[in-house]
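Q: Okay, predicted coordinates and the sequence, questions at the end:
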Amino acid sequence: MSQPRMSRSLSHPALSVADPELAALVGAEEQLQADTLRLIPSENYVSAAVLEATGTVLQNKYSEGYAGRRYYEGQQNIDQVETLAVERAKAVFGVEHANVQPYSGSPANLAAYLAFAEPGDTVLGMALPMGGHLTHGWGVSATGTWFRGVQYGVRPDTALIDFDEVRDLARKERPKIIFCGGTAVPRTIDFAAFGEIAREVDAVLVADIAHIAGLIAGGAHPSPVPHADVISTTTHKTLRGPRGAMLMSRASHAKAVDKAVFPGLQGGPHNHTTAAIAVALREAAAPSFRDYAHAVVANAKALAEALLARGYDLVSGGTDNHLVLIDLTSKEVPGKVAAKALDRAGIVVNYNTVPFDPRKPFDPSGIRIGTPSLTSRGLGTDRMPLVAEWIDRSVQAAAKGDEGALTVIRGEVAELMAAYPAPGLPTA
Ligand SMILES: *Cc1c(COP(=O)(O)O)cnc(C)c1O
């Protein structure tokens, strides 16, 4: 990669002096994030304000406990920071209780297990290769070894969640917890259907909205609030906050949730992260965030249309949200080969299994793309045909081993992206 320009190192003056080696890497990453088209659906660009909050002296403070009930003194400001984050979460999502301390999405989910199940209990979640998350009871995760994970999937004909299967498994297995939500689900999650099944079998329904929290906050995806007992979310995906997580619930579950996070699973909360979550939630409450959330979905739909027009197979035939899952089988290019070629073309995606994938998880048939990041940079639906064209040309170049074509695309991408400065990045 090119060396960071002077203006970039100037944006980290102390770091540049104290640790030039590390500062150079940060500068190179800033350049990479500026020059490339970032299509990983779980990633985003936080605002300069969110970024600043994560770099504050709040990180110097230990605060085990909750506001007004701490095990350390000196919480005059921290208590107010955490209360701000909690109150804003409650307002943005319309929930009775919010815990903003989980370190990330995986520990947040583990806290839900700790709150509502015993080791060895049965839990029902979506299988990882079908679009679920590791922490929904998949075998290689602690959640699939300490608990008895039973997994549902999607229908082979529609690639939509098979609610007959979910209901049958729930009745037969009587899970303590049912997880819904996922990491590669391009369609609207039917929280009402999950809620009905959970109530019938007396299970706790955890809606894991990590990917779609920003869409829900912005009114571009239905809310799980009327249907789920607990809502788990990361704060750093479509919600456009710092790396962190939240657990939200009805008031009746507040005690169990809080006790599971601390002292059940964690020690001191990351107060600088809490502060940045508060900032992100303030941004998410602004009218412009509704526009953002709807633009993310409009862009994903436009990108899906343009890819379909170029003969690409999309899992479920398209998208309702921010995410598109491309099955490359008919293009005869494995997902990993395509992902690596796209990366060389300045288009950053991840390879991904598709439902019923005949290939191995480390070498699957698909790539997963999404529009949260490009929408944060202000690209609109008018640009999506060009994005689809770049993807198509890159996949074709990968098939032919045409490195020159990838280099040409990389230049075109960098030129366009220069016209759409990313939030939070230093301007060159
Ligand atoms: C990203 C994600 C998580 C895990 O979040 P981490 O912060 O990476 O631990 C959990 N569940 C779902 C559905 C996710 O998409």
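A: Done, it's in. Residues are numbered from 1 along each chain as shown.

Q: burial measure for residue 177, as a count.
A: For residue 177, the count of nearby residues is 26 (other Cβ atoms under 10 Å). Any C-beta I mention is one placed from the backbone N, CA and C, and that applies to glycine too.

Q: For the closest residue to the ligand within the stretch 51-200 of the chain, the count of nearby residues, please.
A: Across the stretch 51-200 of the chain, the shortest distance to the ligand (Cβ to the nearest ligand atom) belongs to residue 105, at 2.3 Å. By other Cβ under 10 Å, 27 other residues sit near residue 105.

Q: Once you drop chain neighbours, what's closest to it?
A: Nearest residue to residue 105 in three dimensions, chain neighbours excluded: residue 234, at 3.9 Å (Cβ to Cβ, 6 or more residues apart in numbering).

Q: mind listing what the one you found touches?
A: Residue 234 makes contacts with 104, 105, 108, 210, 213, 243, 244, 245, as judged by Cβ atoms under 8 Å, 6 or more residues apart in numbering.

Q: ok, now residue 380?
A: The contact partners of residue 380, by Cβ under 8 Å, 6+ apart, come to 295, 298, 299.

Q: Which of the residues you listed has the largest number of neighbours?
A: Busiest of the contacts of residue 380 [other Cβ under 10 Å] is residue 299, holding 23 neighbours.

Q: Give me the pLDDT for that one.
A: With respect to pLDDT, residue 299 has a value of 98.

Q: count of neighbours near the closest residue to the ligand within the stretch 201-350 of the chain?
A: Closest residue of the stretch 201-350 of the chain to the ligand, Cβ to the nearest ligand atom: residue 210 (3.3 Å). Residue 210 is flanked by 25 other residues according to other Cβ under 10 Å.

Q: ditto for residue 14
A: Residue 14 has 8 nearby residues by other Cβ under 10 Å.

Q: Surely it is within a helix?
A: Yes: applying DSSP: H, G, I helix; E, B strand; the rest coil, one finds residue 14 inside a helix.

Q: Tell me how this structure divides into domains.
A: The chain resolves into domains spanning 57-284, 291-423 when parsed by automatic domain parsing.

Q: In JSON lines, list those domains along with distance to residue 17.
A: JSON lines is the format used below for these (distance: least, Cβ to Cβ, whole Å):
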{"stretch": "domain 57-284", "distance to residue 17": "19"}
{"stretch": "domain 291-423", "distance to residue 17": "26"}
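
Q: Out of those, flag the one nearest residue 41.
A: Counting by Cβ to Cβ, residue 41 lies closest to domain 291-423 out of the domains of the chain; the figure is 2.3 Å.

Q: what about that closest one, distance to the chain center?
A: 17 Å (Cα atoms, centre = their mean, to the nearest Å).

Q: Would you confirm that residue 206 belongs to a strand?
A: Yes: counting by three-state DSSP, residue 206 is part of a strand.

Q: Now do the same contact list for it.
A: Applying Cβ under 8 Å, 6+ apart to residue 206 gives the contacts 109, 112, 116, 177, 178, 179, 180, 228, 229, 230, 231, 232.

Q: Which strand residues bridge it?
A: Listed beta-bridge partners, residue 206: residue 179, residue 230 (assigned using DSSP bridges).

Q: on that earlier part again, list buried members of the contacts of residue 206 by neighbour count.
A: Among the contacts of residue 206, those scoring as buried are 109, 112, 116, 177, 178, 179, 180, 228, 229, 230, 231, 232 (criterion: 16 or more other Cβ atoms under 10 Å).

Q: Just the pLDDT for residue 9.
A: For residue 9, the predicted pLDDT is 52.

Q: now do residue 265
A: The model reports residue 265 with a pLDDT of 98.

Q: Now it: closest residue in space that isn't a chain neighbour?
A: With Cβ to Cβ, 6+ apart as the criterion, residue 265 has its nearest non-adjacent residue at 5.2 Å, and that residue is residue 111.

Q: ok, now residue 135?
A: Closest residue to residue 135 apart from its sequence neighbours, by Cβ to Cβ, 6+ apart: residue 109 at 4.1 Å.

Q: what's the helix or strand for the one you found?
A: For residue 109, the host element (DSSP states H and E) is helix 105-116.

Q: contact partners of the following helix or strand past that helix?
A: Later in the chain than helix 105-116, the nearest helix or strand by DSSP H and E is strand 122-126. With contacts defined as Cβ under 8 Å, 6+ apart, strand 122-126 is touched by 113, 117, 132-133, 136-138, 143, 147-153, 161, 166, 169-170, 173-182, 185, 203.

Q: The next helix-or-strand element following strand 122-126 packs against which elements?
A: Downstream of strand 122-126, the next assigned helix or strand under DSSP H and E is helix 142-145. Helix 142-145 sits against helix 105-116, with contacts defined as 3 or more Cβ pairs under 8 Å, 6 or more residues apart in numbering; DSSP states H and E.

Q: Buried residues in the longest helix along the chain, which are they?
A: Counting by DSSP state H, the longest helix found in the chain is helix 287-309. For helix 287-309, a neighbour-count test (16+ other Cβ under 10 Å) marks 289, 292-293, 295-307 as buried.
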